[in-house]
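A.B. asks: Model the following, please.
(3 chains)
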Amino acid sequence: MTKFIIRRLLQTIPVLLGVTILVFSLMHLIPGDPAQIIAGEAAPERQVEQIRERLGLNDPLHVQYGTFLGNVVTGDLGTSVRSSRPVADEIGARFWVTVELAVYSTILSVFMGLIAGIVSAVRHYTLTDVAIMVVALFGLSMPNFWLGLMLIQWFAIGNWIPESLQPFLQMRASGWGDDWRQVILPVITLGTAGAAIIARMTRSSMLEVISQDYIRTARAKGVKERVVVYQHALKNALIPVVTVVGLEFGALLGGTVLTETIFAINGMGRLTIDAIRQRDFPVVQGTVLVISVLFVMVNLLVDISYRFLNKRIDLN
Amino acid sequence: MNSSENILEIRELRTSFFTDEGEVKAVDGVSFELPRGKTIGIVGESGSGKSITALSILNLLAKPGEIKGGEIRFKGENILTYSEKQMREIRGNDISMIFQEPMTSLNPVYTVGQQIMESIRIHQGLNKREAKLKAIEMLKLVGIPSPEKRVDQYPFELSGGMRQRVMIAIALSCNPDMLIADEPTTALDVTIQAQILDLIRELQNKLNMSVMMITHDLGVVAETCDYVAVMYAGQVVEFSDVRTLFKNPRHPYTVGLLNSLPRHDIEQEKLKPINGTVPSPHNMPKGCRFAPRCPFATELCRESLPELVADENNNQIRCWIYSDEWDGDPEVNVHDSEERTAKG
Amino acid sequence: MSENTVNHPVTAKKVNPRIENYKMIWKRLKKNKAALVGGYLIVFFIVVAIFGPMFLSKSPNETDIANKLAGPSAEFWFGTDNFGRDIFVRIIHGMSITLYVGFTSVVIGLVVGVPLGIISGYYGGRIDNLIMRVMDVLLAFPGILLALAIVSVLGGSLQNVIIAVGIFSIPAFARIVRGSTLSVKKLEYIDAVRALGATDFRIIFRHILPNVMSPIIVQATLRIATAVLTAAGLSFLGLGAQPPMPEWGAMLSEGRAYIYDAWHVAFFPGMMIVFVVLAFNIFGDGIRDALDPKMKQ
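C.D. replies: You can find the predicted model right below:
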């Protein structure tokens, strides 16, 4: 097990290096002179040269990458062109907002997905099953930005919402903070697709497990059907679902870009979009890097826990 | 035979599977009985309905399968009328079952001990500690070395033979009256096969169990059984005690099965396989189901299905040759291999 | 006796196993009602995309300020937007954009990803390691983020969205094809063919590629759904199709400002995205079930 963890950690290193190379290349793949683009088209040559100097753009590429990597490792993600503040500071304030959003949404996805998937599997081929799977298919096919807008419209327009629930709707430009209820709509928006995927996965995993020989053994022992399903089958069925949860968390991290834009949440996703619009490339590099590294780390954790859960099944 | 001596009596059992292509009669009017303390072998090729018969007894059929009719009398009571709750009390307690695939028949996420204890705790109401002691005792009984250590291991840590021993330990943990063994040795190495069969026989004597041994291997039958029911295409074609069956097989199918076996007692030039294959359940022959493959088949055989007829010793046969209506050669000898090869 | 062995029909004519296989797949596909519905919907959408605009008297950019933000009615089925443009007309015109983006970006993913996957799986070793590590890096950018980063570099336009979403699809194809190639390569007949002196090129095109087609088809279908969603998302963020192009994501984005007063401006483009994505998803599910009955349920 320790050997596996070490090997898996070592495997992560080239991926992380690759991520930094790709993020570093972002700046250099921009058609034209990055310094000119950052400075703006009308900027005088002297200012462009200054930026070029400041960003080290006159050095050979590998030297530039070395500097970039060294800075990243020490937590220096460069300086925002627009705000002139360190990118790390810009991100720092927003990092937890995004993580919170993604974590809550993942929890919702797993919770809803598992319940729906199990119910669907237990009642497979009944109307309940069909209904759940149709809803899941819609959930999977819905653009989350559309779902978000429709939720806002539906909740906000309707005067039907009781006074006590009004804070649901009050989105604040500074992100949430004061009232947990403000979290609900964004979390539903972001978590629906994940819930649908997990529901489908759980269902098929359950159905596969239910037809295994060891389930028949349990029944032949005289075990109650409820125990057969919720203990013998579920314990096995959940193992493959774990991997999906990790991937879903990643998809949710990516999805925060859209959700934060719709709900005016001041997280990393919205920071990325604003930076792209303002051509503030150091900030784009920073957010993309941070989100990707976070995703790689979560996947690492998921892999290790999958391995841990699975060790009883497969020794190799 | 007095019915109280029989632990199990099956009468006209019919089990079907309802598929997209229509009803598949996997078991079609099967009858036999098993005297208390004895062993019956159910023999047939794959697809003959022998495993479905076994699953029907415990009512463990998977979804499209359904028992359509007949009686299954266990200790004189028709358990087909039992509720699911009543059946649960029988499963693993009065009737236990072990399966063909020891590699996949144990739940990978529970320890061996947990899986034995579950049965004990359900049926005997012991607490955790007592059940664990009993589980260790069972592991010792089925010949697993260092049972105190094995009890906390997961199935992946055990070999196939060991797993089958664990399955037997689970099955026997509540002293069942009857054990159904569905091809218990097919998936195992030859040397392990003998050990497992010996183990079943030994424990049968020790615990005074009746055993239903499902197999396609007549060698296993000769070694372990008192009675044999030969199944073909969902029906019993011959039932007799094991001695009679091997000495004087009467059904051409039984003869064919025996001829396809290597034997040590007589000199054989070559083994003779039975020509053709088991009929598709979607396309059953009108008459005797074996007629398409039978070297002796006549017009009568192809046109109508013979009944299962018992003689005074309760040896039963489903074949027109032994009836008064037989329209073929009255002197026919089913053991005459010359004729077989000539016509087949 | 010989007459009665009909249970086991012997077909005298020589059959091509691959064609027989496709026939069987087709039969299974026809049985899967959901897949059929998905397939019919896709065909319907394609027909609408090609011929739909011919039947409309209005142009997608025809403004009618007097009727701006009008709700759905007999005259404007899906209502009008803030310039009084007929949303229904725009949606019909936008159909071809959506399908075009979906298909072309997946084709980019296929053209690059499939050869990478085959090379990786077939040759193994260092080249495999290199390709797969690069794919790992691409997959390390979760969800829409990779496409977003690419568009941020290339600049926002429909063209660049297609390229970005195409690159975003490469690793999925490369991985799946590599896996299938590995399992096909293990089959004994590949060794036999090689022993007969077939070149790598011939083995790959005659033997490996046909055998990895099924997972490619399934993946491509499901990937179109993802591509449509991703591309719409980028356009919604203003990084893709630019107004006044009747691209659904961009239309939704424009409708966002009027969400409180005129819900229909954002609703209908989104609804259409749902339908198109849904059609590809259920069709993809269906062919997966038909190609691999083991995975059914």
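A.B. asks: Phi and psi next, for residue B:73.
C.D. replies: phi -100, psi 120 (degrees, to the nearest 10).
A.B. asks: list the buried ones in stretch B:70-80?
C.D. replies: B:70, B:72, B:73, B:74, B:79, B:80 (16 or more other Cβ atoms under 10 Å in any protein chain shown). Where you see a C-beta, it was placed from the backbone N, CA and C, and this is true even at glycine.
A.B. asks: To clarify, my last question referred to stretch B:183-202.
C.D. replies: B:183, B:184, B:185, B:187, B:188, B:192, B:193, B:195, B:196, B:197, B:199, B:200.
A.B. asks: repeat for stretch B:10-23
C.D. replies: Here stretch B:10-23 shows B:10, B:11, B:13, B:14, B:15, B:16, B:17 as buried, counting by 16+ other Cβ under 10 Å.
A.B. asks: Likewise for stretch B:284-298?
C.D. replies: Result for stretch B:284-298 [16+ other Cβ under 10 Å]: buried residues B:284-285, B:287-298.
A.B. asks: now do the same end-to-end measure for that stretch.
C.D. replies: Using Cα to Cα, to the nearest Å, the gap from the first to the last residue of stretch B:284-298 comes to 17 Å.
A.B. asks: give me the low-pLDDT residue ranges for chain C?
C.D. replies: C:1-20, C:292-297 (pLDDT under 70).
A.B. asks: For the residue most central in space within it, give me its contacts.
C.D. replies: Nearest to the mean C-alpha position of chain C, by Cα atoms, centre = their mean, lies residue C:224 at 1.7 Å. Neighbour list for residue C:224: C:102, C:103, C:106, C:280 [criterion: Cβ atoms under 8 Å, 6 or more residues apart in numbering or on different chains].
A.B. asks: any idea how far chain A is from it?
C.D. replies: From residue C:224 across to chain A, the span is 12 Å (Cβ to the nearest Cβ, to the nearest Å).
A.B. asks: Following the chain onward from the strand or helix carrying that residue, which element is next?
C.D. replies: Assigned by DSSP states H and E, residue C:224 belongs to helix C:209-236. As assigned by DSSP H and E, the chain's next helix or strand after helix C:209-236 is helix C:248-255.
A.B. asks: Could you export that next one as PDB, CA atoms only?
C.D. replies: What follows is helix C:248-255, C-alpha atoms only, in PDB (Å, rounded to 0.1, in the frame of the first residue of the first chain):
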ATOM      1  CA  TRP C 248     -27.700  29.400 -28.900                       C
ATOM      2  CA  GLY C 249     -25.100  30.000 -26.200                       C
ATOM      3  CA  ALA C 250     -24.600  33.600 -27.300                       C
ATOM      4  CA  MET C 251     -28.400  34.100 -27.500                       C
ATOM      5  CA  LEU C 252     -28.700  32.700 -23.900                       C
ATOM      6  CA  SER C 253     -26.100  35.100 -22.800                       C
ATOM      7  CA  GLU C 254     -28.000  38.100 -24.300                       C
ATOM      8  CA  GLY C 255     -31.200  36.900 -22.700                       C
END
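A.B. asks: what's it in contact with?
C.D. replies: With Cβ under 8 Å, 6+ apart, helix C:248-255 has contacts from A:143, A:145-146, A:149, C:81-82, C:87, C:90-91, C:94, C:97-98, C:231-238, C:240-243, C:262, C:264-267, C:269-270, C:272-273.
A.B. asks: Stretch B:111-121 now?
C.D. replies: Residues outside stretch B:111-121 that contact it (Cβ under 8 Å, 6+ apart) are A:217-218, A:221-223, B:92-93, B:106-107, B:110, B:126-128, B:131-132, B:134-136, B:138-139, B:150-155, B:158, B:166, B:169-170, B:173-174.
A.B. asks: Spell out which parts of the stretch 1-150 of chain B neighbour chain A.
C.D. replies: B:58, B:60, B:62, B:84, B:88-93, B:96-97, B:99, B:101, B:104-110, B:115, B:118-119, B:122-123 (Cβ under 8 Å from any Cβ of the partner chain).
A.B. asks: show me what contacts the residue in the stretch 51-200 of chain C that chain A sits nearest to?
C.D. replies: Closest residue of the stretch 51-200 of chain C to chain A, Cβ to the nearest Cβ: residue C:143 (2.3 Å). By Cβ under 8 Å, 6+ apart, residue C:143 lies in contact with A:250, A:251, A:252, A:253, A:254, A:255.
A.B. asks: After whichever strand or helix holds the fifth one, which helix or strand is next?
C.D. replies: According to DSSP H and E, residue A:254 maps onto helix A:234-262. Using DSSP H and E, the helix or strand that follows helix A:234-262 in sequence is helix A:268-277.
A.B. asks: any bit of that next one sitting next to chain C?
C.D. replies: Yes - Helix A:268-277 is in contact with chain C by Cβ under 8 Å from any Cβ, via A:272, A:273, A:276, A:277.
A.B. asks: Is there a quick ChimeraX command that grabs whichever of those are buried?
C.D. replies: The buried residues among those can be selected in ChimeraX (16+ other Cβ under 10 Å) with this line:
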select /A:272,273,276
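A.B. asks: near chain A, which residues of the stretch 151-300 of chain B show up?
C.D. replies: Counting by Cβ under 8 Å from any Cβ, the residues of the stretch 151-300 of chain B near chain A are B:154, B:155, B:156, B:167, B:170.
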